[in-house]
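**Q** Return atomic coordinates for the entry below.
(2 chains)
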Protein chains: 2
Amino acid sequence: MPNTTAPDITAIEAAARRLEGHARRTPLLTSPFLDEIAGRRVFIKAECLQHTGSFKFRGAWSAISGLENEIRAKGVIACSSGNHAQGVALAARQHGVPAVIVMPSDAPRMKVANTRALGAEVVLYDRLTADRDALTETLAAERGLTLIKPFDDRRVIAGQGTTGLEIAEQAAEDGITDADVLVCCGGGGLTAGIALALESRSTHLRARPVEPAGFDDVTRSLATGTRQRNASNAGSVCDAILTPTPGLMTLPVMARLCGPGIIVTDEEAMRAVALAWSRLKIVLEPGGAVALAAALFHGERIKTSDVICVASGGNVDPDVFTRALATLTD
Amino acid sequence: MPNTTAPDITAIEAAARRLEGHARRTPLLTSPFLDEIAGRRVFIKAECLQHTGSFKFRGAWSAISGLENEIRAKGVIACSSGNHAQGVALAARQHGVPAVIVMPSDAPRMKVANTRALGAEVVLYDRLTADRDALTETLAAERGLTLIKPFDDRRVIAGQGTTGLEIAEQAAEDGITDADVLVCCGGGGLTAGIALALESRSTHLRARPVEPAGFDDVTRSLATGTRQRNASNAGSVCDAILTPTPGLMTLPVMARLCGPGIIVTDEEAMRAVALAWSRLKIVLEPGGAVALAAALFHGERIKTSDVICVASGGNVDPDVFTRALATLTD
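**A** Residues are numbered from 1 along each chain as shown, chains lettered A, B, ... in the order given. Take a look at the predicted model:
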């Protein structure tokens, strides 16, 4: 029986101490142009400016820094289409330990290339035919590697939750008294971590997951009260957040603390990528822009006077980005 | 005789107090990939994340907030191809006073549109045939508007200099003990302001101007000891920094405090735009990327172990940006 007990605020605070001086405190950005589109004040937590271009570095550093020295020295292994891969690769390199990353062969080229350039050994598998988990277990057992899971891991969730600690601080600094906090949601590690941090630090801020259409397992799970699964594993431009089903550890946290999910289309995500480029001067990948898309294009689902969007990642191939920019002149 | 006495550190500190809570403290970003290209540690002061997408907001706010109430109430006027325009427009709107912006008719579309959207009245002129200064003087006299100059103004330089105060603080936080501070340079307001701030706060940091090839008036002026002029006013993709000649107020400051200038090609600026996109997840315009281009592609001109680059602006049209991204696969 796996341990499905999520971290508490003490674990998130401990992760924050381990991350100090290693993770970046990312800025909370604004634009009068985005406020006008959304019809309310919009604040964007720019986690794309985090090391490796996504929030995943926080969880990876938290998990690796929390291992016992002897175990860590043998190295770590992770499965990821890209952002978790890069986070684990850099955190492992900075700890001076080997990392093996198991990636689908159709992952964005930039993410594969970056993961290798950050010193990790990349093992590619075919998403349609191979058994990823069996492959990973075999490699881990053979080499004594510790698996760093992308979301169902207490230290990973605690690391992602440090984003929530910063949001609580920055909201107070900016005079935000009542806001939904929209979070780009795959397996729910970031959403659950932020929800746990806000529960303790900012009860007037409420986390809500945002997902791409067709990959709304968390939204449906929250609505029905039972764990739902997506019909497909691929077919959206939001590759970073196409998780088949919510985490065993993250879903109970989200069910207890989060507001209802919001679903956006790929087209809305692409328009949000373009608007973040023109109005905020930040680079988002489509999966990292769904929260902003929800704020901009689904304002009727939001009741608070202000809204905070986590812009969770910016690792995108140039051709996808160029297509996003083309939406500005459509 | 115009007053050509530059501001001192006291004026920069006063500007910093007026800017507090209004300008953003922009982050100092890094990437292991950029360090590898440059062969040294590279730190990027991301002023593209400033309000209106460039450092110009600092000077505009500093100048407008420093006016006497009765004079300010009548409104302000500025001449600008774009970034100064947007900075003045937003700062005027936030002060509740009218702004007239005189812009060349070939300015980037996005800059003209944004300036209007920020509430300013835009007056277009033909760069080749019209007398911009006469037009501006007439408008100012008719309506009682105060001219906010782009660089030869004590309060504007003091405002831009607050970037240097932040660089000094952030360099200390990041353990940078010896670095050239490369600054994208047009008329020299940002370069001179930063140089003045560093003179007082970080004597181990030295400002150096960076200019596009063919528009190297400051570099030649520093090298020859006399004020030089560019042969042309247009013809580079770095539209933000194509000033014909150094400022009367800024050049003496740069001559006293700055290291030698560095010149980069348009192609190098475009590659720096693309690398800032892929490695830092920030959006730069070519003129805002020349300092980064110098660090990446002219490392032989730099002797310090670390280098700090000011990424001064990110207001760029989608077609130019798409061309920049294409350099990644060339």
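**Q** The helix or strand of chain A with the lowest mean pLDDT: how far from the chain's middle?
**A** Across the helices and strands of chain A, mean confidence by mean pLDDT, DSSP states H and E is lowest for helix A:109-117: a mean of 88. Taking C-alpha atoms, centre = their mean, to the nearest Å, the mean C-alpha location of helix A:109-117 is offset from the chain mean by 18 Å.
**Q** Tell me the spacing between residue A:144 and residue A:132.
**A** 20 Å (C-beta to C-beta, to the nearest Å). Where you see a C-beta, it was placed from the backbone N, CA and C, and this is true even at glycine.
**Q** How about residue A:294?
**A** 30 Å.
**Q** These two: who's more crowded?
**A** Ranked by neighbour count (other C-beta atoms under 10 Å in any protein chain shown), residue A:294 and residue A:132 place residue A:294 first, with 30 against 15.
**Q** Which residues of chain A lie near chain B?
**A** Within chain A, the positions adjacent to chain B are A:24, A:26-27, A:29, A:32-33, A:46, A:48-49, A:53, A:90, A:110, A:114, A:117-118, A:274, A:277-278, A:280-284, A:314, A:318, A:321-322, A:325-326, A:328-329 by C-beta under 8 Å from any C-beta of the partner chain.
**Q** Tell me the helix or strand right after the host helix or strand of residue A:91.
**A** Residue A:91 is part of helix A:83-95 when elements are defined by DSSP states H and E. Using DSSP H and E, the helix or strand that follows helix A:83-95 in sequence is strand A:99-104.
**Q** which stretches of chain A have low pLDDT?
**A** The model of chain A has pLDDT under 70 over residues A:1-3, A:330.
**Q** make it 80
**A** Along chain A, segments meeting pLDDT under 80 span A:1-4, A:81, A:108, A:233, A:329-330.
**Q** longest strand of it?
**A** The single longest strand within chain A, with elements called by DSSP state E, is strand A:205-212.
**Q** Tell me which other helices or strands it touches.
**A** For strand A:205-212, the packing partners by 3 or more C-beta pairs under 8 Å, 6 or more residues apart in numbering or on different chains; DSSP states H and E come out as helix A:154-173, strand A:179-184, helix A:189-201, helix A:217-224, helix A:250-257, strand A:262-264, helix A:290-297.
**Q** about what we covered before: which of the residues of chain A next to chain B count as buried?
**A** A:24, A:26-27, A:29, A:32-33, A:46, A:48-49, A:53, A:90, A:110, A:114, A:118, A:274, A:277-278, A:280-284, A:314, A:318, A:321-322, A:325 (16 or more other C-beta atoms under 10 Å in any protein chain shown).
**Q** Mark which of those are part of strands, please.
**A** A:29, A:46.
**Q** Which of the buried ones among the residues of chain A next to chain B fall in helices?
**A** Among these, the members found in helices (DSSP state H) are A:32-33, A:90, A:110, A:114, A:274, A:318, A:321-322, A:325.
**Q** and of those, the nearest to residue B:215?
**A** Closest approach to residue B:215 among those (C-beta to C-beta): residue A:325, at 27.0 Å.
**Q** okay, the angle between the strand or helix carrying residue A:140 and strand A:99-104?
**A** Taking DSSP H and E as the definition, residue A:140 sits inside helix A:132-143. Orientation check (axes from the mean of the first three to the mean of the last three C-alpha atoms, to 10 degrees): helix A:132-143 against strand A:99-104 gives 160 degrees.
**Q** in helix A:132-143, what's buried?
**A** Buried-residue list, helix A:132-143, by 16+ other C-beta under 10 Å: A:136, A:139-140.
**Q** And for stretch A:194-207?
**A** Neighbour counts using 16+ other C-beta under 10 Å place A:194-202, A:205-207 of stretch A:194-207 among the buried residues.
**Q** With stretch A:244-252 instead?
**A** A:246-252.
**Q** Could you do stretch A:298-309 as well?
**A** Buried-residue list, stretch A:298-309, by 16+ other C-beta under 10 Å: A:298, A:301-302, A:304, A:306-309.
**Q** Quick one: end-to-end distance for that stretch.
**A** End-to-end span of stretch A:298-309 (C-alpha to C-alpha, to the nearest Å): 13 Å.
**Q** again with stretch A:307-319
**A** Chord length of stretch A:307-319, first to last residue, is 30 Å (C-alpha to C-alpha).
**Q** Now do it: distance to the chain's middle.
**A** Relative to the centre of its chain, stretch A:307-319 is centred 10 Å away, using C-alpha atoms, centre = their mean.
**Q** What of stretch A:112-131?
**A** That offset, for stretch A:112-131, works out to 19 Å (C-alpha atoms, centre = their mean).
**Q** Which parts of stretch A:88-105 count as buried, going by neighbours?
**A** Neighbour counts over stretch A:88-105 (16+ other C-beta under 10 Å) mark A:88-92, A:94-95, A:97-104 as buried.
**Q** mind saving the C-alpha coords of it as CSV?
**A** Taking C-alpha atoms only, stretch A:88-105 is exported to CSV below (Å, rounded to 0.1, in the frame of the first residue of the first chain):
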residue,chain,number,x,y,z
VAL,A,88,15.3,16.7,-11.9
ALA,A,89,18.3,16.8,-14.3
LEU,A,90,19.4,20.2,-13.0
ALA,A,91,18.7,19.5,-9.4
ALA,A,92,20.6,16.2,-9.6
ARG,A,93,23.6,17.9,-11.4
GLN,A,94,23.7,20.6,-8.7
HIS,A,95,23.8,17.9,-6.1
GLY,A,96,26.5,16.1,-8.0
VAL,A,97,24.6,12.9,-8.5
PRO,A,98,23.6,11.0,-11.7
ALA,A,99,20.1,11.3,-13.2
VAL,A,100,18.3,9.0,-15.7
ILE,A,101,15.2,10.4,-17.4
VAL,A,102,12.7,8.1,-19.2
MET,A,103,11.0,10.3,-21.8
PRO,A,104,8.4,9.5,-24.5
SER,A,105,10.0,9.6,-28.0
